[in-house]
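Chemist: Next one to model:
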Amino acid sequence: MPNPTAFGHENDDVLLVAAVVRGDINAFRKLIIQYEKLVVSIVFKMVTQKEDSEDICQDVFLKIYEKLPGFRYQSKLSTWIGSIAFNTCVNFVKKRKPLLLEDLKNPANDDEEFYMAAEVAIKDLSIAPDEQLVNKEMEGLLLRSIESLSIIQKTVLHLFHHDDFSLQEISEVTSLPVTTIKSHLFRARKQLKEEMNKYLNI
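Modeler: Below you'll find the model as predicted:
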């Protein structure tokens, strides 16, 4: 097994993984508790039907349990778990609503200038919802606007702002290039800003 400290991993995760692989059920319960919010945040953003989402979450943790002996610390444990959740949702959506996954492809605009603008916007355009809400009406508007985003935009936005994943980590979770992640973030935040500006008559 590779030395996990070489990848900057917390010793707690190393011990937890080792215990689960040994068959310690209590350790697996602890792993579920520790990463449940991450899995739920990804699954419920990509699959909105509650019953389906709950079934997928169970499926994700079953896959984690089955695949954990092969985990080699080539990424953070959270990133690895996130990628399993994401790919499980992608496979589900492909079977149910394949057209909704068209936006997983690289955006049509591959212009370098566009990506440079997107990178600047990601740094400068503060669209964190909880920082911009001034009343319940605006909160409702923002939530509706977020729900109107594409599946991948909602997921990327949530991972970046709520789960504090880096662009590289989101790339590892989704298997999309960092430039594509930047583009999705830029487009999602731009759309949300436009919706808020309409409300504020800016």
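Chemist: CA atoms only for stretch 159-170, dumped as CSV, please.
Modeler: C-alpha atoms of stretch 159-170 as CSV (Å, rounded to 0.1, in the frame of the first residue of the first chain):
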residue,chain,number,x,y,z
LEU,A,159,-19.0,21.1,-4.6
PHE,A,160,-17.1,24.3,-5.0
HIS,A,161,-19.1,26.6,-2.6
HIS,A,162,-20.7,24.2,-0.1
ASP,A,163,-18.2,21.3,0.1
ASP,A,164,-15.1,23.5,-0.5
PHE,A,165,-13.7,21.2,-3.2
SER,A,166,-10.9,22.7,-5.3
LEU,A,167,-11.2,22.9,-9.1
GLN,A,168,-8.8,19.9,-9.4
GLU,A,169,-10.8,17.9,-6.9
ILE,A,170,-14.0,18.5,-8.8
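Chemist: can you tell me how far the residue positioned nearest the centre of the chain sits from Lys37?
Modeler: Nearest to the geometric centre of the chain sits Leu159, at 3.8 Å (C-alpha atoms, centre = their mean). Note on Leu159: its distance to Lys37, by C-beta to C-beta, to the nearest Å, is 12 Å. To be clear about C-beta, it is placed using only N, CA and C from the backbone, and glycine gets the same treatment.
Chemist: now the helix or strand encompassing Gly82: mean pLDDT?
Modeler: Per DSSP states H and E, Gly82 falls inside helix 77-96. In this model, helix 77-96 has a mean pLDDT of 90.
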